[in-house]
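S.K.: Need the 3D shape of this:
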Amino acid sequence: MDYVYVTKENIEQEHICCAISSNSDVQVRSKKDWLCDRFDDGLVFIKSSVRGKCFIEYIPAKNAWIPIDAKNYMYIDCLWVSGSLKGHGYSSQLLNTCIEDSKKKGMDGICILSSKKKMPYLADPKFLTYKGFKISDEARNGIQLWYLAFNDSDAPKFKSCAKECHIEEFGFVLYYTSQCPFNAKYVPIIENVSKEQNIEFKAIHIDTKEKAQNAPTPITTYALFYNGEYVTNDVMNEKKFLKLVE
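M.R.: The predicted model follows:
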């Protein structure tokens with residue numbers, strides 16, 4: 001498998017794996033704009049040369065859009081291999097590239113979000129265990145922070161603001177960022193459905209690194225709450241959302 005490093009210079013000519021369409025598509029445009037704003041913060045996006053979901057996205061933890069204390073660690077935003085590209089060792093190849101790059105950059109280790117059982121958009125805990133990762137912290141909703149240390153440095157932790165996964169607002173409240181391209185399409189759909197059905201719903205767009213690093217949830221890409229309690233990180237379409245409401 002050949003891989004492509006997506007940069008500011010070639011991003012308009014490359015597909016971005018998680019949303020494969022034209023640059024005029026709202027999801028593609030949202031994700032590419034978000035990536036372009038992150039490259040100067042050290043973000044790396046590596047993808048397969050063939051079309052499909054096979055990529056890794058990582059960034060120094062100090063610039064990650066997530067509430068963690070992970071001094072001198074690299075944080076993996078997403079490692080995703082699916083469909084016909086699964087089962088060929090590409091996940092290991094991409095992860096090994098991240099490890100080698102992080103070591104060259106003088107990092108003390110890498111970290112990533114996962115959970116006790118495989119959840120949507122999160123790394124597979126079985127794969128992480130196989131690759132030597134360990135759990136360094138866990139939030140009340142079962143979301144875990146896994147890490148692979150290169151030396152005896154302190155293990156990364158969640159910030160206190162994210163540990164309880166509880167907010168004071170009632171009704172449905174969604175925290176989300178533009179890191180996930182699907183939000184550009186589906187958040188407005190849920191907003192419209194909620195208005196039509198008189199469902200109490202509020203969407204909070206996390207649009208800065210500072211807001212993300214102090215969010216009340218370990219997952220900032222998509223975190224849905226109901227009456228103050230965390231519900232899911234699974235991106236809702238209209239059918240899923242109405243089923244959840246029922």
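
S.K.: doesn't Pro216 make contact with His166?
M.R.: Yes: contact criterion C-beta atoms under 8 Å: His166 and Pro216 qualify, at 7.0 Å. Where you see a C-beta, it was placed from the backbone N, CA and C, and this is true even at glycine.

S.K.: Next, the buried residues of stretch 179-189.
M.R.: Neighbour counts over stretch 179-189 (16 or more other C-beta atoms under 10 Å) mark Gln179, Cys180, Pro181, Phe182, Asn183, Ala184, Tyr186, Val187 as buried.

S.K.: ok, now stretch 136-145?
M.R.: Across stretch 136-145, burial judged by 16+ other C-beta under 10 Å covers Ser136, Asp137, Glu138, Ala139, Asn141, Ile143, Gln144, Leu145.

S.K.: Can you give me the buried ones in stretch 225-238?
M.R.: Those would be Phe225, Tyr226, Tyr230, Val231, Thr232, Asn233, Val235, Met236, for stretch 225-238 by 16+ other C-beta under 10 Å.

S.K.: CSV please, covering the residues you listed and showing pLDDT.
M.R.: Shown next, in CSV, are those (pLDDT from 0 to 100):
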residue, pLDDT
Phe225, 98
Tyr226, 98
Tyr230, 97
Val231, 97
Thr232, 96
Asn233, 96
Val235, 96
Met236, 96
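
S.K.: how about the helices of the chain, start to end?
M.R.: 26-38, 90-104, 125-130, 160-163, 182-196, 209-212, 238-245 (DSSP state H).

S.K.: Let's have those in JSON lines, adding distance to Lys116 and mean pLDDT.
M.R.: Listed next are the helices of the chain as JSON lines, based on distance: least, C-beta to C-beta, whole Å; pLDDT from 0 to 100:
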{"stretch": "helix 26-38", "distance to Lys116": "29", "mean pLDDT": "95"}
{"stretch": "helix 90-104", "distance to Lys116": "20", "mean pLDDT": "97"}
{"stretch": "helix 125-130", "distance to Lys116": "7", "mean pLDDT": "96"}
{"stretch": "helix 160-163", "distance to Lys116": "16", "mean pLDDT": "97"}
{"stretch": "helix 182-196", "distance to Lys116": "24", "mean pLDDT": "97"}
{"stretch": "helix 209-212", "distance to Lys116": "24", "mean pLDDT": "98"}
{"stretch": "helix 238-245", "distance to Lys116": "21", "mean pLDDT": "97"}
